[in-house]
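[1] Sequence and predicted structure are below.
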Amino acid sequence: MESNILLESGTNELELLEFVVGTKNYGINIAKVSEIMMYSEVTPMPSAPPEVEGVFMPRDKLITVVDLHKVLGMEAQPDEKGLLIVCEFNQMDIAFHVTAVRGIQRISWTNIEKPPAVANAQNSGIATGIAKIDGKIILILDFEKIISDINCSAGLDVSGIEHIEVTEKVETDAHIVIAEDSPFLNKLIVDALKKAHFENVSTFANGKDAWDYISSFKGQGNITDNVKVVISDIEMPQMDGHRLTKLIKDDSELKAIKVFLFSSLIDDKMRKKGESIGADEQFSKPQIGGLVKKLTEVLTK
């Protein structure tokens with residue numbers, strides 16, 4: 001699916017595909033969506049988790065189908081076949097079976113709130129944001145966590161990190177700031193950094209909180225003595241990673257901070273956007289090994 005917003009820089013906006021599962025409204029960043037299809041029969045896979053309906057092969061590409069009704073604890077109506085939202089992220093092709101699709105909404109990340117901890121616990125923390133559009137509450141789901149919960153191997157690939165050479169010349173005490181709205185991924189990134197002996201880490205659940213923290217060091221001497229590297233997701237409530245990157249790189253004092261974008265959305269278009277706003281490095285989830293290796297190179301004295 002084409003989306004003009006992918007070509008814009010630092011707007012702090014996204015295009016949200018609104019869809020329905022059962023009677024509830026949900027959303028997904030359109031940048032993750034490759035197409036929307038009428039539901040078609042799938043081939044069940046032996047011993048697959050109950051949320052996985054099976055696989056199908058449109059145009060010679062094998063795609064796994066996940067039933068969001070089962071993920072969210074709902075029953076699909078037998079007389080409603082629904083639709084498939086075909087997505088590409090984390091180097092995977094996944095189709096999510098939903099009841100209906102309502103359309104695309106353009107919205108600012110500032111209008112997306114973090115779900116309350118108590119409310120989010122009901123669905124095991126798989127909502128990353130709440131948007132209110134035209135009087136409707138729309139939950140933005142953490143699709144990476146949904147897939148990782150179904151298949152643990154789809155999480156971050158931390159294999160080999162412990163074998164990355166970290167000599168005494170690497171500034172393992174350098175202050176690293178992480179902006180990642182998924183608590184699940186936030187913890188995995190911190191754990192991966194600790195494996196490589198980077199422990200001076202501050203984490204934030206959105207770009208705005210990270211920006212407020214980073215900018216508080218302005219006027220306090222050499223900025224990289226306070227913050228050396230920022231590792232940021234792209235999709236986040238309040239302020240996305242592209243906006244955070246642009247603010248840092250447009251500031252004469254803060255621009256010395258290295259910014260690594262780490263997102264499931266990194267493709268050719270998004271990479272060009274990241275380059276246009278000054279991102280120093282860009283890495284696609286789930287391969288965190290390359291990020292950690294580059295981090296050791298950047299932080300070598």
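    Yep, it's here.
[2] all helices in the stretch 101-250 of the chain, in order from the N-terminus.
    117-121, 143-150, 183-195, 207-215, 241-249 (DSSP state H, counting those that start in this stretch).
[3] Point out the most buried one among those.
    Greatest average neighbour count among the helices of the stretch 101-250 of the chain goes to helix 241-249 (a mean of 25), per mean count of other CB atoms under 10 Å. In this view, the C-beta of every residue, glycine as well, is placed from N, C-alpha and C.
[4] Show me what that helix is packed up against.
    Applying 3 or more CB pairs under 8 Å, 6 or more residues apart in numbering; DSSP states H and E, we find helix 241-249 packed against helix 207-215, strand 229-232, strand 258-263, helix 268-276.
[5] what pLDDT, on average, does that helix get?
    The average pLDDT within helix 241-249 is 96.
[6] Just the C-alphas of that helix, formatted as CSV.
    What follows is helix 241-249, C-alpha atoms only, in CSV (Å, rounded to 0.1, in the frame of the first residue of the first chain):
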residue,chain,number,x,y,z
GLY,A,241,11.5,8.4,16.5
HIS,A,242,11.8,10.4,13.3
ARG,A,243,10.7,13.6,15.1
LEU,A,244,13.1,12.8,18.0
THR,A,245,15.9,12.4,15.5
LYS,A,246,15.1,15.6,13.7
LEU,A,247,15.0,17.6,16.9
ILE,A,248,18.4,16.3,18.0
LYS,A,249,20.1,16.7,14.7
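[7] If you count neighbours, what's buried in the helix or strand containing residue 55?
    Here residue 55 sits within strand 52-56, counting by DSSP states H and E. Residues 52, 53, 56 are the ones in strand 52-56 that count as buried (16 or more other CB atoms under 10 Å).
[8] Same list as before, those residues that is, but in JSON lines and with pLDDT included.
    Converted to JSON lines, the buried residues of strand 52-56 look like this (pLDDT from 0 to 100):
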{"residue": "52", "pLDDT": "94"}
{"residue": "53", "pLDDT": "93"}
{"residue": "56", "pLDDT": "92"}
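[9] Closest to residue 168 out of those residues?
    Closest approach to residue 168 among these (CB to CB): residue 52, at 47.4 Å.
[10] Relative to residue 12, tell me which of the helices of the stretch 101-250 of the chain wins on proximity.
    helix 241-249 (4.0 Å).
[11] contacting residues around that closest one?
    By CB atoms under 8 Å, 6 or more residues apart in numbering, the surrounding residues in contact with helix 241-249 are 9-12, 109, 179, 207, 210-211, 214-215, 230, 232-235, 254-255, 257, 259, 261, 263, 273-274, 277-279.
[12] And these, which of them are buried?
    Buried, going by 16+ other CB under 10 Å: 10, 12, 109, 179, 207, 210-211, 214-215, 230, 232-235, 254, 257, 259, 261, 263, 273-274, 277, 279, out of these.
[13] Can you say which of the helices of the stretch 101-250 of the chain is nearest to residue 89?
    helix 143-150 (6.9 Å).
[14] Now find how far off-centre the closest one is within its chain.
    Distance of helix 143-150 from the chain centroid (CA atoms, centre = their mean, to the nearest Å) equals 12 Å.
[15] And it, what does it pack against?
    strand 63-67, strand 83-89, strand 92-98, helix 183-195.
[16] Residue 291: which of the ones you listed is closest?
    helix 183-195 (8.2 Å).
[17] Restrict that closest one to CA atoms and write it as PDB.
    Output in PDB follows, covering the C-alpha atoms of helix 183-195 (Å, rounded to 0.1, in the frame of the first residue of the first chain):
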ATOM      1  CA  PRO A 183       8.000  -2.700  27.600                       C
ATOM      2  CA  PHE A 184       8.700  -6.100  26.100                       C
ATOM      3  CA  LEU A 185      11.200  -4.800  23.500                       C
ATOM      4  CA  ASN A 186      12.600  -2.200  25.900                       C
ATOM      5  CA  LYS A 187      13.700  -4.900  28.300                       C
ATOM      6  CA  LEU A 188      15.100  -7.100  25.500                       C
ATOM      7  CA  ILE A 189      17.200  -4.200  24.200                       C
ATOM      8  CA  VAL A 190      18.500  -3.400  27.700                       C
ATOM      9  CA  ASP A 191      19.400  -7.000  28.300                       C
ATOM     10  CA  ALA A 192      21.200  -7.200  25.000                       C
ATOM     11  CA  LEU A 193      23.300  -4.200  25.800                       C
ATOM     12  CA  LYS A 194      24.100  -5.600  29.200                       C
ATOM     13  CA  LYS A 195      25.400  -8.800  27.500                       C
END
